[in-house]
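*Asks:* let me see the structure of the following:
(chains A and B)
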Protein chains: 2
Amino acid sequence: MDRVDVVVVGAGYAGLSAARALRAAGRTVVVLEASDRAGGRALSARIDGGWAVDLGAQWISGGHTRLAALAQEYGAETYPSPSVGANLLVEGAVRRPFRGTRPPLSPLVLLVLGQAMWRIERLAARIDLAHPWTTPGADRLDAMTAATWLRRNLPERRARQLAEVMIGEELCVDVGSVSMLALLTTIRAAGGVEAGVTAETVTRLFVEGADGPALSMAAELGDALRLRSAVTSIQQGAQGVSVRGEFGAVAAGHVIVALPPVLAGRIAYDPPLPAARDHLTQRMPMGSVLKAFAVYDRPFWRDEFLTGQALNLHDPVPVTFDATRPGGPGCLGALVPGRAAHRLAALSPPERRGMIVGSLVRAFGHRARDPIGWHEKVWADDPFVRGGYGAFFPPGVLTTVGSGVRHPVGAIHWAGSETATEWSGYIEGAIRSGERAAAEISAH
Amino acid sequence: MDRVDVVVVGAGYAGLSAARALRAAGRTVVVLEASDRAGGRALSARIDGGWAVDLGAQWISGGHTRLAALAQEYGAETYPSPSVGANLLVEGAVRRPFRGTRPPLSPLVLLVLGQAMWRIERLAARIDLAHPWTTPGADRLDAMTAATWLRRNLPERRARQLAEVMIGEELCVDVGSVSMLALLTTIRAAGGVEAGVTAETVTRLFVEGADGPALSMAAELGDALRLRSAVTSIQQGAQGVSVRGEFGAVAAGHVIVALPPVLAGRIAYDPPLPAARDHLTQRMPMGSVLKAFAVYDRPFWRDEFLTGQALNLHDPVPVTFDATRPGGPGCLGALVPGRAAHRLAALSPPERRGMIVGSLVRAFGHRARDPIGWHEKVWADDPFVRGGYGAFFPPGVLTTVGSGVRHPVGAIHWAGSETATEWSGYIEGAIRSGERAAAEISAH
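*Replies:* Numbering: from 1, shown residues only, chains lettered A, B, ... in the order given. Modelled structure (predicted):
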């Protein structure tokens, strides 16, 4: 049996960052990845001409200091998200352009929306990111869905729909499924409401795809990265851990499980995990997201001074954005979160494409009707990921078993964007979580 | 590789009933059970003198026709739940006796409680048990927790606490974690509010333990039941299925997975399960329950004309009951559901016992202080069950992926009490689900 200092399970940004930090500290490492690629929830495809398109995680924003450092180190270039022109608010057949983050709604609607945002910001400011379950009023906020809070605090229907679209885009989960306490925690972990709402305007994209730095880290690992090596069991004993699968077994002093909680729960542990940790893996499901890209010979929407960003209030595709690389062909991205993703995923690929193109046409006109290329990814279908962007907390979980999310179990350490206190759900959170798990072991 | 007509995964009441029905129809069957015993969530221990005590599922009530038939066939005798005398409502140091189901609260509190019960009954009556997601208003009821509904409809604090205790006892989940639509579905599946609330007074217990009929079915299976045979993967191909684990492999035309959804989700499927079915296994966690029994030389509470039933509004142990077998030593049962179960489970056994005995003393006086025997089971700790009584639906699940709960995936059929349309969460639901899955295969 191979023996190393640390086994890392999962070669997403979290696992790769953990392995990198451990090797830098002189530890021997093996990274076991179930799929045939590194990158996890970051995955860049190539469209005609070799232009990258991000089927998974995509944006880098100002607070993403660790991702920026990796990008610089590995020479991964970025460019500002296209944002010249007007955004669109689409309601059925009506489309209205707007600038910045102030959607074209009546002053009354904007007022109630602003008030609700202000209340959310104030509530989020009280969250202790390392211990959200200790927030004053945590039990009550965790016993309600975000939908309940919005119904109570945003009685105006259109304002509420807009808030639901924005929250869906942020979390990839319906407001009726997620705990209000968890929503507040996510908002605070991403720098507050303003940062979240305006994220698109201050963010950048990777020229060669957002999985670039991950692939560079994977390449550095060489033989220490083993693809197609699904871990099925982890045994813990006096001598450390033994990590097994059809690939065989690797022994180590410690293991870092850098998977979303539900996938970590599908590994068999011996001895079994403590009940509270097991229940956490039962109760932190993945969100659901479908990402699609329509390719056109050029970014025609810019002729009308549109950014390509649209918010659709009554549409299978609530959010679209411009994903055109500088100098590349026109590329419109569509983001479908939550139950809408499940509905579209159940369709045949041509039907699904038809539905999404229909949304693009409603927003950007008949020139959107015939894309010359099409790329899509239904993340819940990926057997090695099973959802996206990340896991979420349904009501009652954070305040019950939430404290187990980062707590090591003997020689088993937990990483993954879900375990990050800041930028949870982002690549940035994944990197920080991997480095934190590596530091736990180095501190031993 | 062994080959049979049908492999059944799991030897609880569901799996055993499925195997029994299939064999009666002339099919060859192998039942694979991960643990070293049959019975699943029914488990009877023996106290001094050989008296049975049910650490898991326990009661049989009027509507449980299939369980009654099995009990009769296998000669498992029952006796009425002890119900002579008064019940207790305990609030801190104050204990007040009451008869029947009308707790000793002020007329106003009883009025609002009665009104809320009436509203729940009326809402539950609209549920289509086979398709709860089609209920009028389903989306809205599924987007809120039961806690939200109770806060809105039971503003009186003590009435609400009482409702929370009763719901906790029924579902083993906090009202802040479960979808209101799911609560209504459970209530309807168990015959309505009245049936649920008064269940204890019309139910019976098994003299030799509630796992008796299960053990009889297991014995009938002989070599066809394989214990200590954890299934880790199910492969589906043109020839049927191959069910594998460390025990080896069994080939079959069909497989019935008779496990709670989360445990079914921990099996590796090839080809992978459809996304919606996978998400169901991610989003249907187990409730949590701790059951403890204090044994005394005699049922001393009967001297005071008490039933042994107590509802405790501010206590780690919300519900106690009399579990004394006819002629046997006195036995008080304590039921701790939801987050309270997690809290008590985290204590050392002596601390936990001290907490529970303290509750018994508050309800039944100093004679409860020194039990001569002690039996307990923390179901979340059981590595082959991981919770109890059953799985529950958090908000947003029933209306999104709930329709997958019984839907076969190729040659894979699903059983388990969670898949029952009636008496889901009870032994009765488990038996019916197993027979239903067997009938699906027989219909092929």
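*Asks:* am I right that residue A:70 sits in a strand?
*Replies:* No. Counting by DSSP: H, G, I helix; E, B strand; the rest coil, one finds residue A:70 to be helix, located in no strand.
*Asks:* which residues does the closest residue to it other than its chain neighbours contact?
*Replies:* Distances taken as CB to CB, 6 or more residues apart in numbering or on different chains put residue A:213 closest to residue A:70, at 4.2 Å, once the chain neighbours are dropped. All C-beta spots, glycine's among them, are computed from the backbone N, C-alpha and C. Taking CB atoms under 8 Å, 6 or more residues apart in numbering or on different chains as the criterion, residue A:213 is in contact with A:13, A:67, A:70, A:71, A:73, A:74, A:76.
*Asks:* one more time with 10 Å
*Replies:* The neighbours of residue A:213, taking CB atoms under 10 Å, 6 or more residues apart in numbering or on different chains as the test, are A:13, A:16-17, A:39, A:42, A:60, A:67-76, A:206, A:427, A:431.
*Asks:* show me which residues of the stretch 1-150 of chain A sit near chain B.
*Replies:* Neighbours of chain B within the stretch 1-150 of chain A, by CB under 10 Å from any CB of the partner chain: A:34, A:139-150.
*Asks:* now with 8 Å?
*Replies:* Applying CB under 8 Å from any CB of the partner chain, one finds that the stretch 1-150 of chain A approaches chain B through A:139, A:142, A:143, A:144, A:145, A:147, A:148.
*Asks:* for the stretch 251-400 of chain A, which residue gets nearest to chain B?
*Replies:* Chain B sits closest to residue A:396 of the stretch 251-400 of chain A, with a gap of 3.0 Å, by CB to the nearest CB.
*Asks:* the residue of the stretch 1-150 of chain A found nearest chain B and residue B:373, how far apart?
*Replies:* The nearest approach of the stretch 1-150 of chain A to chain B comes at residue A:143, 2.8 Å away (CB to the nearest CB). Remark: distance between residue A:143 and residue B:373 (CB to CB, to the nearest Å) = 37 Å.
*Asks:* more neighbours: the two, which one.
*Replies:* More crowded of residue A:143 and residue B:373, by other CB atoms under 10 Å in any protein chain shown: residue A:143, with 24 against 17.
*Asks:* that one contacts residue A:395, correct?
*Replies:* Yes. Taking CB atoms under 8 Å as the definition, residue A:143 is a contact partner of residue A:395 at 6.0 Å.
*Asks:* any shared contact partners between those two?
*Replies:* Common neighbours of residue A:143 and residue A:395 are listed as B:145, B:147, B:176, B:177 (criterion: CB under 8 Å, 6+ apart).
*Asks:* from the residues you listed, list the ones also adjacent to chain A.
*Replies:* Contacts with chain A within the shared contacts of residue A:143 and residue A:395, counted by CB under 8 Å from any CB: B:145, B:147, B:176, B:177.
*Asks:* got a list of what the closest residue to residue A:179 other than its chain neighbours touches?
*Replies:* Sequence neighbours aside, residue A:395 is the residue nearest to residue A:179 in space, at 4.3 Å (criterion: CB to CB, 6+ apart). Contacts of residue A:395 were listed using CB under 8 Å, 6+ apart, and they are A:142-145, A:178-180, B:145, B:147, B:176-177, B:394-395.
*Asks:* again with residue A:27
*Replies:* Going by CB under 8 Å, 6+ apart, residue A:27 touches A:4, A:5, A:6, A:441, A:442.
*Asks:* related to what we said a few turns ago, and the pLDDT at the residue nearest to residue A:179?
*Replies:* Looking at residue A:395, its pLDDT is 98.
*Asks:* in the host helix or strand of residue A:436, what's buried?
*Replies:* Assigning secondary structure by DSSP states H and E places residue A:436 in helix A:427-442. Neighbour-count burial for helix A:427-442 flags A:427-438, A:440-441 (criterion: 16 or more other CB atoms under 10 Å in any protein chain shown).
*Asks:* dump the C-alpha coordinates for that helix into PDB.
*Replies:* Taking C-alpha atoms only, helix A:427-442 is exported to PDB below (Å, rounded to 0.1, in the frame of the first residue of the first chain):
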ATOM      1  CA  ILE A 427     -13.700  29.500  -6.200                       C
ATOM      2  CA  GLU A 428     -12.200  31.900  -3.700                       C
ATOM      3  CA  GLY A 429     -13.900  30.100  -0.800                       C
ATOM      4  CA  ALA A 430     -12.700  26.800  -2.200                       C
ATOM      5  CA  ILE A 431      -9.000  27.900  -2.300                       C
ATOM      6  CA  ARG A 432      -9.200  29.400   1.200                       C
ATOM      7  CA  SER A 433     -10.800  26.200   2.500                       C
ATOM      8  CA  GLY A 434      -8.100  24.000   1.100                       C
ATOM      9  CA  GLU A 435      -5.400  26.300   2.500                       C
ATOM     10  CA  ARG A 436      -7.100  26.300   5.900                       C
ATOM     11  CA  ALA A 437      -7.300  22.500   5.900                       C
ATOM     12  CA  ALA A 438      -3.600  22.200   5.000                       C
ATOM     13  CA  ALA A 439      -2.800  24.600   7.800                       C
ATOM     14  CA  GLU A 440      -4.800  22.500  10.300                       C
ATOM     15  CA  ILE A 441      -2.500  19.500   9.400                       C
ATOM     16  CA  SER A 442       0.700  21.600   9.400                       C
END
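*Asks:* what about it, average pLDDT?
*Replies:* Mean pLDDT, helix A:427-442: 97.
*Asks:* that older thread, hmm, the residue of the stretch 251-400 of chain A closest to chain B is touching residue A:141, no?
*Replies:* No. With contact defined as CB under 8 Å, residue A:396 does not reach residue A:141; the gap is 10.9 Å.
*Asks:* quick one, what contacts residue A:151?
*Replies:* Contacts of residue A:151 by CB under 8 Å, 6+ apart are residue A:160.
*Asks:* tell me which residues in the helix or strand where it lies are buried?
*Replies:* Element membership for residue A:151 (DSSP H and E) is helix A:146-153. Neighbour counts over helix A:146-153 (16+ other CB under 10 Å) mark A:146, A:147, A:148, A:149, A:150, A:151, A:153 as buried.
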